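*Asks:* Quick one, structure for this:
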Amino acid sequence: PVRGRPHRKIGLTVTMGDRVVSPPAAAPAADSPGFRLRPKRPRAAAEERLLCVGVACVDIIDVLDAFPEADGECRSKARLRRLGGNGANLVCVASQFDSLCCSLLYATVPEDSDPAAAFVRSNLTANGVQDLGVLPAVEAGALLPSSHILQCPGTRSIIHYRSVPEIPFRLFAERVQQCQGRQERFTWAHFEGRHVADTRMMIDSMQGQCTVSVEIEKERPPANVLDLLPGADVIVFSRAFAEGRGFSSGQDFLKAMCRTEGLKPQAMLVVAWGADGAFGLSEPRSGLVLHSPAKPVLAPVDTVGAGDTFNAGLIVGLIRGGRLEEAMRLGCAVASAKIQQQGFAGVGARAVQAD
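*Replies:* As a prediction, this is how the structure comes out:
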């Protein structure tokens, strides 16, 4: 486990309308209904338990010098096989900090249907993550979700395969009830914004029990993925989602999102913006957009999962009781460390050393 240092004061840029202002040095973190404000501490307390509801899959990564032309061929310099999926990446990174107890609830298949299911389970266990896989109804011979990633210098292309249904609310509720029966009560629940109807029921069922965060990565037609926002205490958007809605800056995007109907009064909104760092709103009604710059990346190696590592650092920072800007800083540090290595092993330690 990584032992973090107490946070220090951070220089930030804050925008308000067209003006740039500096936040008060001693401004307290805002408390809000449904969000349990943690005391500030260098490490997450032992009673904290993080539940993530998302995807676990197998990533196959081919490292190329260049993409082949149409009807052409090329030789892969290296082929890597590793655990992947937004949810799996997040908990495997978060578990590297402070011995934080992490659990992943994900849809899987029987091992006799696809041996890759055993690969996922063993990798979760090796990373200290509690496996809460559920078995939705699948056809015989169904395969576990997978991603084939073609990685070239400075770019990548990803081919996703998924035949497993999304997690229904019924299986989620059964798993959570089983954990509660063992006196395993979650203090933070993070959801990938996927199947909107069932995910909204999951979020609603956790109200008043723990802090709830949701990741909005992409549109989920025909449903409106923004229907997931009202129940969340912390909302993390992707840059791709913002740009898909016509926004070219993180500040403008957050100012638009803070007007979403039904938001909790002091929900935290965050969007990571690649090399431009991350932007956040700790109080939507204030209109104050915080900015945490990205950490320098000397030599990019592997960008797959950088957003997931940012989310992990952000959540760990908030669980430690840090203010939103401090949590974004940790998220940026972890994402920077990840981009400079293949995979996720030891990325938490490298982020702390570099910070």
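*Asks:* Run a quick neighbour tally on Arg38.
*Replies:* 18 (other CB atoms under 10 Å). Where C-beta positions appear, they are placed from N, C-alpha and C, glycine not excepted.
*Asks:* Is it correct that Leu314 falls within a strand?
*Replies:* No: applying DSSP: H, G, I helix; E, B strand; the rest coil, one finds Leu314 to be helix, outside a strand.
*Asks:* Following the helix or strand hosting Ala117 in sequence, what is the next regular element?
*Replies:* Taking DSSP states H and E as the criterion, Ala117 maps to helix 116-126. Going down the chain from helix 116-126, the next helix or strand is strand 129-131, by DSSP H and E.
*Asks:* how about whatever helix or strand comes next after that next one: buried residues?
*Replies:* Counting by DSSP H and E, the next helix or strand C-terminal to strand 129-131 is strand 146-152. Residues of strand 146-152 classed as buried: 146-147, 149-151 (neighbour count, 16 or more other CB atoms under 10 Å).
*Asks:* Relative to strand 146-152, what are the paired strands and their orientations?
*Replies:* Paired neighbours of strand 146-152 in the sheet (DSSP bridges): strand 57-63 (parallel), strand 155-161 (antiparallel).
*Asks:* Name the residues that touch the helix or strand just after the last one?
*Replies:* Spelled out, it's strand 155-161. Remark: after strand 155-161, the chain's next helix or strand is helix 169-181, criterion DSSP H and E. Residues from elsewhere that reach helix 169-181 (CB atoms under 8 Å, 6 or more residues apart in numbering): 51, 53, 103, 105, 132, 134-136, 185-186, 198, 201-202, 205.
*Asks:* what about stretch 47-55, how long is it end to end?
*Replies:* 25 Å (CA to CA, to the nearest Å).
*Asks:* roughly how far is it from the heart of the chain?
*Replies:* Its chain's average C-alpha position is 11 Å from that of stretch 47-55, according to CA atoms, centre = their mean, to the nearest Å.
*Asks:* Show me what counts as buried in it.
*Replies:* For stretch 47-55, using 16+ other CB under 10 Å, the buried residues are 48-55.
*Asks:* With pLDDT, distance to Ala78 and secondary structure added, can I get these in a markdown table?
*Replies:* Output for those, formatted as a markdown table (pLDDT from 0 to 100; distance: CB to CB, whole Å; DSSP: H, G, I helix; E, B strand; the rest coil):
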| residue | pLDDT | distance to Ala78 | secondary structure |
| --- | --- | --- | --- |
| Glu48 | 93 | 37 | coil |
| Arg49 | 96 | 37 | strand |
| Leu50 | 97 | 32 | strand |
| Leu51 | 98 | 34 | strand |
| Cys52 | 98 | 29 | strand |
| Val53 | 98 | 32 | strand |
| Gly54 | 98 | 27 | coil |
| Val55 | 98 | 24 | coil |
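*Asks:* Next up, the contacts around the closest residue to Gln96 other than its chain neighbours.
*Replies:* Of all residues not flanking Gln96 in the chain, Gly348 sits nearest, at 3.4 Å (CB to CB, 6 or more residues apart in numbering). By CB under 8 Å, 6+ apart, Gly348 lies in contact with 2, 93, 96-97, 334, 337.
*Asks:* Please name the bridge partners of the closest residue to Phe67 other than its chain neighbours.
*Replies:* With sequence-adjacent residues excluded and distances taken as CB to CB, 6+ apart, Phe67 is closest to Cys152, at 5.9 Å. Using DSSP bridges, the beta-bridge partners of Cys152 come out as Thr155.
*Asks:* Cys152 contacts Ala66, correct?
*Replies:* Yes: the criterion here is CB atoms under 8 Å, and Cys152 meets it with Ala66 at 5.8 Å.
*Asks:* re earlier: looking at the contacts of helix 169-181, spot the one nearest Thr211.
*Replies:* If you rank these by distance to Thr211 using CB to CB, Phe186 comes first, at 9.3 Å.
*Asks:* Over to the closest one. Which of the three states is it?
*Replies:* Assignment for Phe186 (three-state DSSP): coil.
*Asks:* my guess is it meets Ser103, correct?
*Replies:* Yes: using CB under 8 Å, Phe186 makes contact with Ser103 at a distance of 7.4 Å.
*Asks:* quick one: common contacting residues for those two?
*Replies:* Common neighbours of Phe186 and Ser103 (CB under 8 Å, 6+ apart) are 49-51, 179.
*Asks:* Which strands or helices does the strand or helix carrying Asp252 pack on?
*Replies:* Using DSSP H and E, Asp252 falls within helix 250-257. Applying 3 or more CB pairs under 8 Å, 6 or more residues apart in numbering; DSSP states H and E, we find helix 250-257 packed against strand 234-237, helix 239-244, strand 268-272, strand 278-281, strand 289-292.
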